[in-house]
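In: Dropping a prediction and its sequence here:
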Amino acid sequence: MNKVYGVVFKEGSKSNFYKGMDEYNLDDYVIVDSERGKQFGKIVSISDTEAINEEMKEIVAKATEDDYAQHLANLKDADKAYHKCQELVKELELNMHITNAQFNFDRSQLLFNFTADERIDFRELAKRLASIYHTRIELHQIGARDKAREIGGIGICGKKLCCGSFLKQIEAVSMNMAKNQNLALNPSKINGSCGRLLCCLAYEDNEYLECSKGLPSVGDEIKCPSGRGIVQSVDILNRKAKVLVNDEKEEVSFNDNQE
């Protein structure tokens with residue numbers, strides 16, 4: 001019977017899902033097909049057949065000891081290629097930063113990820129790399145969020161970065177989301193390891209927007225049981241506000257029927 005296996009290509013990265021016969025176990029190393037050709041991976045989760053879809057590829061085979069040895073050699077050679085590429089970038093005076101290098105399992109492709117503030121003409125760089133490594137060279141420009149996904153790490157919450165663990169697609173995050181949640185617009189508080197706004201700001205945005213309906217804003221003048229006052233702060237999720245009335249603070253609750 002087929003099952004669905006979550007496979008990672010490196011520790012801490014997001015899972016890629018494959019189907020396969022019920023003969024693999026957690027922590028088994030396997031060979032799979034990917035967009036970049038054959039890849040060496042590790043099984044980190046197993047699900048039942050209900051999760052199978054028609055587009056899901058099947059695991060090619062369980063990795064052998066020789067496969068594992070080749071994988072380690074690929075990692076070692078990719079690290080050397082990374083440093084060589086950095087040397088060439090400096091020599092060619094290209095305004096780009098190489099973040100990592102990756103061989104696929106059968107070494108039919110060598111991928112270099114890089115960041116840059118502008119479009120880069122890397123044709124000469126690709127030509128020189130191809131002459132050295134005699135394989136298909138691909139240079140992929142990535143953004144700050146993608147760089148964080150590739151490198152991985154721990155977020156301010158103490159858990160693995162969302163982009164490098166479970167997020168399949170990185171959605172746009174706007175400053176309005178932080179404002180909607182009454183967060184202090186302090187970069188050290190609302191920016192992630194990538195230097196961009198935290199992905200998790202998007203998780204509760206719709207809930208905050210729903211709860212904020214009918215609530216006043218800070219600075220608004222509203223009518224309270226003890227008189228009119230100025231709103232000092234708003235607790236969106238609990239639908240409460242602190243209002244300054246006659247130099248004294250008063251807490252006001254807003255129910256669904258209140259305008």
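Out: Yes, it's here.
In: and G195, what pLDDT?
Out: G195 carries a pLDDT score of 83 in this model.
In: pretty sure it contacts A144?
Out: Yes. Counting by Cβ atoms under 8 Å, G195 does reach A144; the two are 5.6 Å apart. Bear in mind the C-beta positions are built from the backbone N, C-alpha and C, glycine included.
In: Quick one: classify the closest residue to I151 other than its chain neighbours as helix, strand or coil.
Out: Leaving aside its sequence neighbours, I151 sits nearest to T99 (Cβ to Cβ, 6 or more residues apart in numbering; 7.0 Å). Put simply, T99 is strand when judged by DSSP: H, G, I helix; E, B strand; the rest coil.
In: Contact partners for T99?
Out: With contact set as Cβ atoms under 8 Å, 6 or more residues apart in numbering, T99 has these partners: 113-115, 142, 147, 150-151.
In: so which of those residues comes closest to E87?
Out: Nearest to E87, judged by Cβ to Cβ, of these is F114 at 14.0 Å.
In: Against S131, how distant is the closest one?
Out: As judged by Cβ to Cβ, to the nearest Å, F114 and S131 stand 19 Å apart.
In: can you list the weak-confidence ranges in this protein?
Out: 1, 12, 49-52, 168, 256-259 (pLDDT under 70).
In: That one: strands as residue ranges?
Out: 2-8, 16-21, 29-34, 37-47, 61-62, 97-103, 109-115, 136-141, 221-224, 227-235, 240-245, 248-253 (DSSP state E).
In: Ok, which of these comes nearest L185?
Out: Shortest distance between L185 and these, using Cβ to Cβ, is found for strand 227-235: 15.4 Å.
In: strands paired with the closest one, and their directions?
Out: Partners of strand 227-235 in the sheet, by DSSP bridges, are strand 221-224 (antiparallel), strand 240-245 (antiparallel).
In: Mind listing what's buried along the first one?
Out: Put plainly, it is strand 221-224. C224 (16 or more other Cβ atoms under 10 Å).
In: pull the CA atoms of that strand into CSV?
Out: Below are the C-alpha coordinates for strand 221-224, written out as CSV (Å, rounded to 0.1, in the frame of the first residue of the first chain):
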residue,chain,number,x,y,z
GLU,A,221,-13.3,61.3,21.5
ILE,A,222,-16.1,58.9,22.6
LYS,A,223,-19.0,58.9,25.0
CYS,A,224,-18.5,56.9,28.2
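In: chain center to it: distance?
Out: 44 Å (Cα atoms, centre = their mean, to the nearest Å).
In: so what's the closest residue to Y133 other than its chain neighbours up against?
Out: Nearest-residue entry for Y133: L110, 5.5 Å, with adjacent residues in sequence omitted and distances by Cβ to Cβ, 6+ apart. The neighbours of L110, taking Cβ under 8 Å, 6+ apart as the test, are 78, 81, 101-103, 129, 133, 135-138.
In: quick one on the thing from earlier: closest to V89 out of the strands of the chain?
Out: strand 97-103 (6.2 Å).
In: then the closest one to CSV, C-alphas only?
Out: Provided in CSV are the C-alpha atoms of strand 97-103 (Å, rounded to 0.1, in the frame of the first residue of the first chain):
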residue,chain,number,x,y,z
HIS,A,97,26.7,37.9,-2.8
ILE,A,98,26.8,34.1,-3.2
THR,A,99,24.7,32.5,-0.4
ASN,A,100,25.3,28.8,-1.2
ALA,A,101,26.1,26.1,-3.8
GLN,A,102,24.3,22.8,-4.3
PHE,A,103,25.0,19.8,-6.4
